[in-house]
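S.K.: Give me a model of this one.
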Amino acid sequence: MGQRCDWCGSEPIYVAYHDTEWGVPERDGRALWEKLILDGFQAGLSWLTILKKRENFRTAFAGFDPEVVATWGEPEVARLLSDPGIVRHRGKIEATIGNARAYLDIEAREGFSDFLWTRAGGAPVQNRFATMAEVPADTPVSKAISRDLKAAGFRFCGPTIVYAWMQACGMVNDHLVTCPRHDAVAAMAW
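M.R.: A predicted model of the protein is given here:
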């Protein structure tokens, strides 16, 4: 057995995330939206902070049901700003509500999953990085997806956030080649 990717450390919740979720190709549009929202909340913070609060986020945001969140207004923003179980950032909360509306528009038009996977090339990219220094912060594809999401009305989806999200959702396999998850995740590609 090889060594896990350097970033996951030894914190049990982080190791479990690395070993079971990160890099696994995701095709469900709602799940892709949830992960994108959480990556937006992570901006300026550690992913571990968000991971520890993920269940609180799911409760606070109605299970990340975009049809519910899209109807929210100032009363819900005020409620969320007083919720210590999540990241209380007005801009990110308001963006989530707007992003739910943008998600619903894309979903109705062409399907959110198809919208994203088509732009990502249709199948997971199998990178073969040996060190964390080789892993980019963004790519031309993450820049293009970010641009298209913003044009569709999304916020908190810059190229770096989008690339981190692409890694999490398995659009790219950025497990290091020394990590046992690299080959396991590669085998999940279509």
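S.K.: in the chain, which spans are strands?
M.R.: 125-126, 172-173 (DSSP state E).
S.K.: what are the ranges of the helices in this structure?
M.R.: Secondary structure of the chain (DSSP state H): helices at 12-20, 29-42, 47-60, 66-69, 74-81, 90-109, 112-119, 140-151, 159-168, 180-186.
S.K.: show me where pLDDT drops low in the protein?
M.R.: Within the chain, the stretches with pLDDT under 70 are 1.
S.K.: Could you measure from Thr118 over to Ile106?
M.R.: 11 Å (CB to CB, to the nearest Å). In this view, the C-beta of every residue, glycine as well, is placed from N, C-alpha and C.
S.K.: Pro180 too?
M.R.: 35 Å.
S.K.: who's more crowded, those two?
M.R.: Ile106 (21 against 14; other CB atoms under 10 Å).
S.K.: thought that one was touching Ala152?
M.R.: Yes: using CB atoms under 8 Å, Ile106 is in contact with Ala152, at 5.7 Å.
S.K.: List the contacts of Cys5.
M.R.: 18, 132, 174-176, 179, 181 (CB atoms under 8 Å, 6 or more residues apart in numbering).
S.K.: what do you get if the cut-off is 7 Å, keeping everything else the same?
M.R.: 18, 175-176, 179 (CB atoms under 7 Å, 6 or more residues apart in numbering).
S.K.: out of those residues, which is most surrounded?
M.R.: For the contacts of Cys5, neighbours tallied by other CB under 10 Å; top is His175, 27 neighbours.
S.K.: Can you tell me, leaving aside adjacent residues, what's nearest to that one?
M.R.: Distance criterion CB to CB, 6 or more residues apart in numbering; nearest residue to His175, sequence neighbours excluded, is His182 at 4.0 Å.
S.K.: ok, that neighbour - how many residues close by?
M.R.: 21.
S.K.: got the buried residues for stretch 43-53?
M.R.: Going by neighbour count (16 or more other CB atoms under 10 Å), the buried part of stretch 43-53 is 43, 47-48, 50-51, 53.
S.K.: same check, this time on stretch 6-15
M.R.: So for stretch 6-15, counting by 16+ other CB under 10 Å, buried means 8, 14.
S.K.: export that stretch as PDB, just CAs?
M.R.: The C-alpha trace of stretch 6-15 is given here as PDB (Å, rounded to 0.1, in the frame of the first residue of the first chain):
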ATOM      1  CA  ASP A   6      -0.100  14.700   1.500                       C
ATOM      2  CA  TRP A   7      -3.000  17.000   2.000                       C
ATOM      3  CA  CYS A   8      -5.200  14.700   4.000                       C
ATOM      4  CA  GLY A   9      -3.000  14.400   7.100                       C
ATOM      5  CA  SER A  10      -4.100  12.200   9.900                       C
ATOM      6  CA  GLU A  11      -7.400  13.800  11.100                       C
ATOM      7  CA  PRO A  12      -9.900  10.900  11.000                       C
ATOM      8  CA  ILE A  13     -12.700  12.900   9.200                       C
ATOM      9  CA  TYR A  14     -10.200  14.100   6.600                       C
ATOM     10  CA  VAL A  15      -8.700  10.600   6.100                       C
END
